[in-house]
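Novice: Provided below are the primary sequence and the corresponding predicted coordinates.
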There are 2 protein chains.
Amino acid sequence: MTSSATTPIAERPEPERIYLFVQHLGRRLRDIDARAGLTPARFSTLASLRFHGSRNIGDLAADERVKAPSMTRLVRDMARDGLLTRAADPADGRGVVIALTPNAATLFDAVRAEKIALVADYLGHLDLATQAAIKVAFAALDDLAEPPEPGS
Amino acid sequence: MTSSATTPIAERPEPERIYLFVQHLGRRLRDIDARAGLTPARFSTLASLRFHGSRNIGDLAADERVKAPSMTRLVRDMARDGLLTRAADPADGRGVVIALTPNAATLFDAVRAEKIALVADYLGHLDLATQAAIKVAFAALDDLAEPPEPGS
DNA sequence: TCCAATTGCTTAGCACTACTAACTATATTA
DNA sequence: TAATATAGTTAGTAGTGCTAAGCAATTGGA
């Protein structure tokens, strides 16, 4: 058994604190999705469409790091639930163009705002020196979270 | 469409940068689980056992924020795959005591070390002032990631 | 002491999301 | 135009979450 069994987070080495922070805050953010009735896959797909515009199945699947069949089904179910529309691609008879519905765009914006607010409210309670440190820290850490952001 | 459609992460407001950081690094950490043949649920369950010792189904389920039936099945399948053992609870005829196998403990430690190394390698390349800022930042941010850590 | 309620767990069945393999249909190109 | 590549779908499997329903062991009040 490692020393972590009882060591408070605050006393653990920095890399572990960061990795635990990511796990824990990630869970809280997913809870926000869930309360809005969105699964992580659906929220992420909405984000991709919201920020990158209408796309076809293949592009969405690549964005979401998922295979085409998974995206076909996800899109089919989200279309059934009124979150997006499917249309034939006028430029390629094999293709499909996926687009957000207005309702989905509104829902996505609200959920995204709630996530940002969770973090913003917390930051607002910190003293200015700490806020400055956070700004410096994340300017450096963005690179660590590299994946060419599929969206959201 | 918001301005985020094309805004680089570095220019977005701090709360959003943090939330995106969590999403992106979270994905990279889950990829490490996957390469080791561990699903997120399995890794997290191994972590709970590794740090908190042997437990019964109910405790594990509570730790993992999952219902008992889900944990029953997860434990059954992990036992089938040699990651843990089930034994009757001598103190309560209804109960079951779950324990890690040595192989699972070794596997878990390796995966956890790889995750920490991902972050540590990166931090090592930063200048000291930035490292100091990160230390201050995460001392404050730990509270934001509140959930009483089920493990890992 | 004994019966009712509670607790721990399991089984059964549904939903969702991921995968691979195999297929159709369209487009491209040699 | 025949061969190949691409876009998407369908079918089947696996993993993980849920609720509902039920069994067996434990606990606790009359």
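Specialist: Thanks, I have the structure now.
Novice: The lowest-mean-pLDDT helix or strand in chain A vs DNA strand D: in contact?
Specialist: Comparing helices and strands within chain A by mean pLDDT, DSSP states H and E singles out helix A:14-35 as the least confident, with a mean of 84. No. Helix A:14-35 lies out of reach of DNA strand D by CB under 7 Å from any atom of the strand, never closer than 9.9 Å. In this view, the C-beta of every residue, glycine as well, is placed from N, C-alpha and C.
Novice: How about A:Ser70, nearest residue that isn't a chain neighbour?
Specialist: Once flanking residues are discounted, A:Ser70 sits nearest to A:Ala61: 6.9 Å by CB to CB, 6 or more residues apart in numbering or on different chains.
Novice: Next, the contact list for that neighbour, please.
Specialist: When contacts are counted by CB atoms under 8 Å, 6 or more residues apart in numbering or on different chains, A:Ala61 is found next to A:67-68, A:70-71.
Novice: Neighbour-wise, give me the winner out of those.
Specialist: Counting neighbours by other CB atoms under 10 Å in any protein chain shown, A:Met71 leads these with 23 neighbours.
Novice: Can you verify that residue is assigned to a helix?
Specialist: Yes. Per DSSP: H, G, I helix; E, B strand; the rest coil, A:Met71 lies within a helix segment.
Novice: Next, the contact list for it, please.
Specialist: In this structure, A:Met71 makes contact with A:45, A:57-58, A:60-61, A:64, judged by CB under 8 Å, 6+ apart.
Novice: how near is it to chain B?
Specialist: According to CB to the nearest CB, to the nearest Å, A:Met71 stands 17 Å off from chain B.
Novice: Got the phi and psi for the closest residue to that residue other than its chain neighbours?
Specialist: Distance criterion CB to CB, 6+ apart; nearest residue to A:Met71, sequence neighbours excluded, is A:Ala61 at 3.9 Å. Main-chain dihedrals, A:Ala61, degrees, to the nearest 10: phi -60, psi -40.
Novice: List the buried residues for stretch A:77-95?
Specialist: Residues of stretch A:77-95 classed as buried: A:78, A:83-84 (neighbour count, 16 or more other CB atoms under 10 Å in any protein chain shown).
Novice: distance between the helix or strand harbouring A:Ala79 and the chain's centre?
Specialist: Using DSSP states H and E, A:Ala79 falls within helix A:68-80. How far helix A:68-80 lies from its chain's middle: 18 Å, per CA atoms, centre = their mean, to the nearest Å.
Novice: Mind checking if whichever helix or strand comes after the least confident helix or strand of chain A is in reach of chain B?
Specialist: Next along the chain after helix A:14-35, taking DSSP H and E as the criterion, comes helix A:40-52. Yes. Looking at helix A:40-52 against chain B by CB under 8 Å from any CB of the partner chain, the contacts come from A:50-52.
Novice: could you dump the residues you listed to CSV with distance to DNA strand C, pLDDT and neighbour count?
Specialist: Conversion of these to CSV gives the following (distance: CB to the nearest atom of the strand, whole Å; pLDDT from 0 to 100; neighbours: other CB atoms under 10 Å in any protein chain shown):
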residue, distance to DNA strand C, pLDDT, neighbour count
A:Arg50, 17, 91, 20
A:Phe51, 18, 88, 20
A:His52, 18, 87, 17
